[in-house]
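Student: got a structure for you, letters missing:
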């Protein structure tokens, strides 16, 4: 790092849209077509990375999971050259040796642009066995061991294991060493059978805001993907996870805070107010109520409660008793305790607890800069590039405004995603 301030890094999503269903029944189109267009727009506008979300069950949240993230991003790597590739993949239903091979391959074929958003999954267990979903504590324990094994496998090729020779690469097998891991969940001898990676390791992202998620992120993540609806939430979270990371002896810059912004753009304040009103009035309250119940762990019945009064405290679950999406339960329980009405919570559930703003590009930029200046925003996800109207606001309004203010950079700064994020060096 130099003395200059690191610019805010930008990400956009390339998965989860129902356009994949349209393409699936059109013999003239690939299901990759829309994402490839977004990827090229993102790269033209110097957005730092593409993000592929994932869920492991049909109908859980729109079309998220309708395309497998690693294969999707591998295909997108062929039509891009600089933009990072962030794949969401669970540790709960994958073996770490396979994970290392998959992400190692993605890093090689993209010439150093791979990143892994590690999650522990709160659904989909019925598609992997007839066992119940493990508890959050067990899922995070498995994730901890999985991340340790994957990192060791990436490091099993020591510096100098491959070197250039007169007739091509020269392999020193003595520098490719077993990891001999024996743990609670995995036994892995190693070494990895994929050569040392362009980035050393793919960039490690992690999502999860329960106590177990914070501990995992503090220990391993270089970037944490968060749902922080207010700047106060962001400040508290950043202080908590970075304090714990410091206790673990990690670089004081880590982990970077990555927030997804759900923005409603308008050219004027009047247009913004009209769009917000239209969006709220278009919400199907029955479906919205089901979505809120899911945000509260799925074990509550809100159907008899009045829409325009707060939720009684007695209805809210104890997060410690919830097996699914515990972090979301904590977020929405906190919003309920602040006195938000059931109707307001249904609206908030539409954004699944993420940061939401409405305004002109200049006003949205103000909100972004506030978090950036407070040191609680290092990476931001800007959606809407698949929609021509939203895309126009982002690429011709918001990004130029942020660049005018010196907050977002004008170009890629390195040859790998790790370099473009300006992360501190990997530990030796």
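Tutor: Here it is on my side, so go on. In this text, all values refer to a predicted model and were calculated from it rather than measured experimentally.
Student: and the longest strand for the protein?
Tutor: strand 256-265 (DSSP state E).
Student: quick check: mean pLDDT across that strand?
Tutor: Strand 256-265 shows an average pLDDT of 95 in the prediction.
Student: helices or strands up against that strand?
Tutor: Strand 256-265 is packed against strand 223-226, helix 231-247, helix 269-281, strand 355-359, helix 361-373, strand 379-382, helix 388-393, with contacts defined by 3 or more Cβ pairs under 8 Å, 6 or more residues apart in numbering; DSSP states H and E. Backbone N, C-alpha and C define where each C-beta goes, glycine included.
Student: just name the most buried of those.
Tutor: Among the helices and strands packed on strand 256-265, ranked by average contacts under mean count of other Cβ atoms under 10 Å, first place goes to strand 223-226 (a mean of 28).
Student: which other helices and strands contact that strand?
Tutor: Strand 223-226 is packed against strand 203-207, helix 231-247, strand 256-265, with contacts defined by 3+ Cβ pairs under 8 Å, 6+ apart.
Student: just how off-centre is the longest strand of the chain within its chain?
Tutor: 11 Å (Cα atoms, centre = their mean, to the nearest Å).
Student: over to stretch 392-404?
Tutor: On Cα atoms, centre = their mean, the centre of stretch 392-404 falls 22 Å from that of its chain.
Student: okay if I get the helices and strands packed on strand 223-226 as CSV plus distance to residue 109?
Tutor: Formatted as CSV, the helices and strands packed on strand 223-226 follow (distance: least, Cβ to Cβ, whole Å):
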stretch, distance to residue 109
strand 203-207, 16
helix 231-247, 31
strand 256-265, 24
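Student: of those, which approaches residue 86 most closely?
Tutor: Closest to residue 86 of those is strand 203-207 (Cβ to Cβ; 5.9 Å).
Student: neighbouring contacts of the following helix or strand past that closest one?
Tutor: Where DSSP states H and E defines the elements, the next helix or strand beyond strand 203-207 is helix 211-220. Under the criterion Cβ atoms under 8 Å, 6 or more residues apart in numbering, residues 118, 120, 136-137, 139-140, 143-144, 147, 151, 204, 206-208, 224, 237, 240-242, 244-245, 247-248, 250, 255, 326-327 lie in contact with helix 211-220.
Student: now stretch 244-260
Tutor: 1, 9, 11, 205-206, 214-215, 217-219, 221-228, 234, 237-238, 241-242, 354-355, 371, 376-381, 383, 421, 423-424.
Student: what's the local residue count around the closest residue to residue 256 other than its chain neighbours?
Tutor: Distance criterion Cβ to Cβ, 6 or more residues apart in numbering; nearest residue to residue 256, sequence neighbours excluded, is residue 378 at 3.7 Å. Applying other Cβ atoms under 10 Å, we find 24 residues neighbouring residue 378.
Student: pull the contacting residues for residue 378.
Tutor: 6, 8, 9, 223, 256, 257, 258.
Student: pull the distance from stretch 124-138 to the chain's centre.
Tutor: Computed by Cα atoms, centre = their mean, the chain-centroid distance of stretch 124-138 equals 22 Å.
Student: and the end-to-end length of it?
Tutor: For stretch 124-138, the first-to-last residue distance is 16 Å (Cα to Cα, to the nearest Å).
Student: buried stuff in stretch 39-51?
Tutor: By neighbour count on 16 or more other Cβ atoms under 10 Å, the buried set for stretch 39-51 is 39, 41, 42, 43, 45, 46, 47, 48, 49, 50, 51.
Student: for the residue nearest to residue 256, give its distance to residue 238.
Tutor: 9 Å (Cβ to Cβ, to the nearest Å).
Student: pLDDT score assigned to the closest residue to residue 179 other than its chain neighbours?
Tutor: Leaving aside its sequence neighbours, residue 179 sits nearest to residue 190 (Cβ to Cβ, 6+ apart; 3.8 Å). pLDDT, residue 190: 96.
Student: residue numbering should commence at 55 henceforth.
Tutor: All set: I'll call the first residue 55, so the last point we hit is now residue 244.
Student: give the contact list for residue 244.
Tutor: 151, 206, 207, 210, 231, 232, 233, 234, 235.
Student: hmm, the fifth one is touching residue 206, no?
Tutor: No: Residue 231 is beyond contact range of residue 206, at 9.9 Å (criterion: Cβ atoms under 8 Å).
Student: neighbour count for those two, which is higher?
Tutor: residue 206 (20 against 15).
Student: can you check the pLDDT for residue 335?
Tutor: As predicted, residue 335 sits at a pLDDT of 84.
Student: tell me the contacts of it?
Tutor: For residue 335, the contact set (Cβ under 8 Å, 6+ apart) is empty.
Student: one step back: mark which of the contacts of residue 432 are buried, thanks.
Tutor: 62, 63, 277, 310, 311, 312.
Student: okay, and the beta partners of the fourth one?
Tutor: In other words, residue 310. Bridge pairing for residue 310 (DSSP bridges) gives the partners residue 277.
Student: check the first one too.
Tutor: The residues paired with residue 62 through beta bridges, assigned by DSSP bridges, are residue 462.
Student: roughly how far apart are it and residue 107?
Tutor: Plainly put, residue 62 is 21 Å away from residue 107 if you go by Cβ to Cβ.
Student: kindly report the same for the second one.
Tutor: As judged by Cβ to Cβ, residue 63 and residue 107 stand 18 Å apart.
Student: equivalent analysis for the third one, please.
Tutor: When Cβ to Cβ is the yardstick, residue 277 and residue 107 sit 15 Å from each other.
Student: give the contact list for residue 117.
Tutor: Contacts of residue 117 (Cβ under 8 Å, 6+ apart): 70, 71, 72, 74, 75.
Student: of these, closest to residue 482?
Tutor: The nearest one, if we look at the contacts of residue 117 relative to residue 482 and count by Cβ to Cβ, is residue 70, at 37.7 Å.
Student: any idea which element that closest one lies in?
Tutor: Using DSSP H and E, residue 70 falls outside every helix and strand.
Student: my guess is it meets residue 116, correct?
Tutor: Yes: Residue 70 is in contact with residue 116 according to Cβ under 8 Å; the separation is 5.9 Å.
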